[in-house]
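Participant: below: sequence and its predicted model.
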Amino acid sequence: MAVFDVEHCEVTEVHRELLKTVQKKMPDEDALYDLAELFKIFGDSTRIRILFVLFEAEMCVCDLAEALNMTQSAISHQLRILKQNKLVKSRREGKQVFYSLADGHVQTIIGQGMEHILEE
């Protein structure tokens, strides 16, 4: 693994005006905590796979399990986490429940993440 040296200043000089500007725009600790928690949800490859499938189509648990070669129980567990965090939504049709992305933000977040990792 490569070791990266982080360059640092050779003198200590605090730029007070810049700090004031940054501090005015900094979200409060609760908002930053919630944001970090949201990104933790994206930290599981199974949940990412489910979200990618749902980019293409609304699906029931049976279809998701088949598409991802997983058990319905495993899919349901991950869907519960995604739904609790408002990343997917569900709708009932007779005896079936279909899942879809909660809104366009989910696809934007994943899309920008993919774009970032594919950059050269």
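Facilitator: Good, I have the coordinates. Numbering: from 1, shown residues only.
Participant: how many residues are close by V22?
Facilitator: 10 (other C-beta atoms under 10 Å). Using the backbone N, CA and C atoms, a C-beta is placed for each residue, glycine as well.
Participant: equivalent analysis for the one 5 residues further on, please.
Facilitator: Applying the criterion other C-beta under 10 Å, we find 10 residues in the vicinity of P27.
Participant: leaving out the residues flanking it, which one is nearest to the residue nearest in space to the middle of the chain?
Facilitator: Residue closest to the average C-alpha location in the chain (C-alpha atoms, centre = their mean): F42, at 3.5 Å. Among residues not flanking F42 along the chain, I48 sits closest, at 6.5 Å (C-beta to C-beta, 6 or more residues apart in numbering).
Participant: isn't the one you found right next to F39, touching?
Facilitator: No: checked against C-beta atoms under 8 Å, the pair I48 and F39 is beyond contact range at 11.9 Å.
Participant: please identify which of these two sits among more neighbours.
Facilitator: Using other C-beta under 10 Å as the criterion, I48 and F39 rank with I48 on top: 16 against 10.
Participant: sec struct for that one, please.
Facilitator: Counting by DSSP: H, G, I helix; E, B strand; the rest coil, the backbone at I48 sits in helix.
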